[in-house]
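Asks: from the sequence below, what's the structure:
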Amino acid sequence: MEYLNVTIRPAADADIPAIVEIENLCFVSPWKEKDFLYELNENPVSNLWVIELEIESQKLKSVLGYCDWWQTFDSATLCKIAVHPEMQRHDLGSAMMDEIYNDCLAKEILTLTLEVRVSNNKAIAFYKKHGFREVVIKPHYYDNGEDALYMLLEIGNYGSNSSN
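Replies: Next up is the predicted model:
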C-alpha cells in the first residue's frame with residue numbers, strides 16, 4: 001500500500017531549486033534564486049515555507065509549492081504563494097493559506113495583506129475565497145506598468161466570504 005504524506009515545513013537551502021522552478025512556471029516577473037536565498041537566510045521577518053509530497057514506499061519527496069510571508073509586529077504581508085501548475089486545483093494552496101492563518105493567529109497578528117496583478121483573476125478569486133477583501137488599486141505597481149490590487153484579510157475573518 002502507498003502512503004502519501006503532504007507536509008508544510010520551513011524551506012531549506014536544498015529546496016531553492018524546486019522553488020525557483022515553480023516560481024518560473026507561475027509568475028510573469030519571477031524572483032531569482034538569490035531573492036529566495038535572501039528570504040531564507042537573511043530577511044529576519046520572512047517565513048519561507050514549502051509544501052512537500054512524500055511517497056513513503058519510494059522514499060521520494062517532492063516540493064509541490066511554496067509560500068513566503070513577512071511578519072512585522074501585529075501585521076503580515078503575503079509576498080508569494082505558488083503551487084506547481086500540474087498540481088494546482090488540489091487544495092494545496094488552500095492548505096498553505098490555512099497554515100499561514102494558523103501561524104498568524106498564534107502570533108496574534110491582526111491583518112494579512114498582499115498585492116496581486118489586477119489581471120490575475122484566478123489569484124484574486126483564490127484570495128477572496130479565503131476572506132481577503134479589495135482595498136485599493138496601486139497604479140503602475142509592476143515592472144510592466146500593470147496595476148496591483150491591494151487586498152486585506154482581518155485574521156478573525158479568515159475564509160468568511162459569504163459567496164462560498
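
Asks: give me the low-pLDDT residue ranges for this protein?
Replies: Low-confidence segments of the chain, defined by pLDDT under 70, span residues 1-3, 56-59, 156-164.

Asks: ok, which stretches of this structure are helices?
Replies: With DSSP state H as the criterion, the chain has helices at 16-26, 33-41, 92-106, 121-129.

Asks: out of those helices, which is closest to residue 148?
Replies: helix 121-129 (10.9 Å; CB to CB). Yep, even glycine has a C-beta here, placed from its N, CA and C like the rest.

Asks: angle of that closest one against helix 92-106?
Replies: 40 degrees (axes from the mean of the first three to the mean of the last three CA atoms, to 10 degrees).

Asks: who's in contact with the top strand by length along the chain?
Replies: For the chain, the longest strand by residue count, based on DSSP state E, is strand 60-72. Here strand 60-72 makes contact (CB atoms under 8 Å, 6 or more residues apart in numbering) with 6, 11, 15, 18-19, 22-23, 36, 39, 43, 45-55, 76-84, 87, 92-93, 96, 99-100, 104, 107, 109, 112.
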